[in-house]
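A.B. asks: sequence below, structure please.
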Amino acid sequence: MKLIHSPLFERFQSRIFLFVMSFLRRTTLGARAMLVDGKKVLLIKHTYTPGWIFPGGGVEVGQSILAAAKRELLEETGYAVLDDGRLLSLYHNVDASRRDHVALFVFEDFAEQRPFQPNAEIAEMGWFEIDNLPADVSDAAKRRIGEYFGGIAISEKW
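C.D. replies: Below you'll find the model as predicted:
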């Protein structure tokens, strides 16, 4: 039996394999943004979960992780980034699911595109000094701030 070896067939075979695997191994991917202004960070508070966290959300089909972080940031806060920032790390978010991962981007060059307005999803937004974070800041946000500012080793878990 002669096996077919052509770039077109291999690409087709690869797409079929990835399509089938997407049903068997559902991995979710989120993107979050840490805006940094000197020793201050921007945090938001959702209407449906407790605590202050970084803006962000899910990566949509056909979208890069960086594009998702930028989109979510603008949607949730009114801030647009003016560069690509840098990826702090990619984390395994076992608190959400064994299959969830979160990418955190840090941006220092940004501008307010529109004033923040509380809405059905985001109750509050605020800038906080890293040494004076709100009492109910999430543990994950606290750890990421420590990783970025405090020289704490980057964890693989969110």
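A.B. asks: in terms of helices and strands, where is G30?
C.D. replies: Taking DSSP states H and E as the criterion, G30 maps to strand 28-37.
A.B. asks: which residues in the protein form strands?
C.D. replies: Along the chain, counting by DSSP state E, strands occupy 28-37, 40-46, 52-53, 56-58, 79-81, 86-92, 100-107, 110-112, 122-129.
A.B. asks: now render the ones you listed as TSV, adding mean neighbour count and mean pLDDT.
C.D. replies: Heads up, the C-betas are built off the backbone N, CA and C, glycines and all. Below are these laid out as TSV (neighbours: other C-beta atoms under 10 Å; pLDDT from 0 to 100):
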stretch	mean neighbour count	mean pLDDT
strand 28-37	21	96
strand 40-46	20	97
strand 52-53	20	98
strand 56-58	18	95
strand 79-81	18	98
strand 86-92	16	96
strand 100-107	22	96
strand 110-112	13	98
strand 122-129	14	97
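A.B. asks: tabulate the ones you listed (CSV), appending distance to A141.
C.D. replies: CSV is the format used below for the strands of the chain (distance: least, C-beta to C-beta, whole Å):
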stretch, distance to A141
strand 28-37, 8
strand 40-46, 6
strand 52-53, 5
strand 56-58, 11
strand 79-81, 17
strand 86-92, 12
strand 100-107, 10
strand 110-112, 18
strand 122-129, 10
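A.B. asks: just tell me which of these ends up closest to K157.
C.D. replies: Nearest to K157 among these is strand 86-92; the distance by C-beta to C-beta comes to 5.4 Å.
A.B. asks: picking up where we left off before, pull out the CA atoms of the strand holding G30 and give them to me as CSV.
C.D. replies: Extracted in CSV, the C-alpha atoms of strand 28-37 (Å, rounded to 0.1, in the frame of the first residue of the first chain):
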residue,chain,number,x,y,z
THR,A,28,-9.4,27.2,27.7
LEU,A,29,-7.2,30.2,27.3
GLY,A,30,-7.5,33.6,28.9
ALA,A,31,-5.6,36.8,28.7
ARG,A,32,-5.1,39.4,31.4
ALA,A,33,-3.5,42.9,31.4
MET,A,34,-1.5,44.5,34.1
LEU,A,35,-1.2,48.3,33.5
VAL,A,36,1.7,49.7,35.4
ASP,A,37,2.2,53.4,36.1
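A.B. asks: many thanks, I have nothing further to ask.
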